[in-house]
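# Provided below for reference: sequence and predicted model.
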Amino acid sequence: MKPFFVYILECSDGSYYTGHTDNIETRISQHQRGEIKCYTQTRLPVETVFVQTFQTRYEALAAERQIKNWSRRKKKALIDQQWNNLVLFSKGKNKS
């Protein structure tokens, strides 16, 4: 069974882009070359800061949609594997 991936890219302006794919190497390369007409195309270069593997496209897409709705601070906690902060920001505490 072919795996699927959720990834987060950090763009040259410091913003994050979240996507999903079934071929992580090709997709990241396409982003880096500006071949995908999306948010990253005008914010090159991009750096891969997070990748997670899933068994199905449905799971990867659900995770992508969830992460896209997160605050920058919560995405940063995920990227840095700061699990306590991720939980804290999920509960809406520590709004400062």
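Received the coordinates, thanks. Residues are numbered from 1 along each chain as shown.

# buried set for the helix or strand of the chain with the lowest mean pLDDT?
Within the chain, no helix or strand scores below helix 83-90, which has a mean of 81 by mean pLDDT, DSSP states H and E. Using 16 or more other C-beta atoms under 10 Å as the burial criterion, the residues of helix 83-90 that qualify are N85, L86, F89. The C-beta positions use only the backbone N, C-alpha and C, and glycine is treated the same way.

# and stretch 22-39, by the same measure?
Along stretch 22-39, these residues count as buried under the neighbour rule (16+ other C-beta under 10 Å): I24, R27, I28, H31, Q32, Y39.

# quick one on the thing from earlier: as TSV, the buried residues of helix 83-90 with distance to Q66 would be great.
Shown next, in TSV, are the buried residues of helix 83-90 (distance: C-beta to C-beta, whole Å):
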residue	distance to Q66
N85	17
L86	12
F89	13
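
# which strands or helices does the least confident helix or strand of the chain pack on?
Under the contact criterion of 3 or more C-beta pairs under 8 Å, 6 or more residues apart in numbering; DSSP states H and E, the helices and strands touching helix 83-90 comprise helix 72-79.

# average pLDDT across the biggest helix by length in the chain?
Once the chain is assigned using DSSP state H, the helix that runs over the most residues is helix 57-68. Averaging pLDDT along helix 57-68 gives 97.

# what's that helix packed up against?
If you count contacts as 3+ C-beta pairs under 8 Å, 6+ apart, helix 57-68 packs onto strand 4-10, strand 16-21, strand 47-54.

# just put the buried residues of stretch 22-39 in JSON lines and tack on pLDDT and distance to F50.
Compiled in JSON lines, the buried residues of stretch 22-39 are given as follows (pLDDT from 0 to 100; distance: C-beta to C-beta, whole Å):
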{"residue": "I24", "pLDDT": "97", "distance to F50": "11"}
{"residue": "R27", "pLDDT": "96", "distance to F50": "14"}
{"residue": "I28", "pLDDT": "96", "distance to F50": "12"}
{"residue": "H31", "pLDDT": "96", "distance to F50": "14"}
{"residue": "Q32", "pLDDT": "95", "distance to F50": "16"}
{"residue": "Y39", "pLDDT": "94", "distance to F50": "16"}
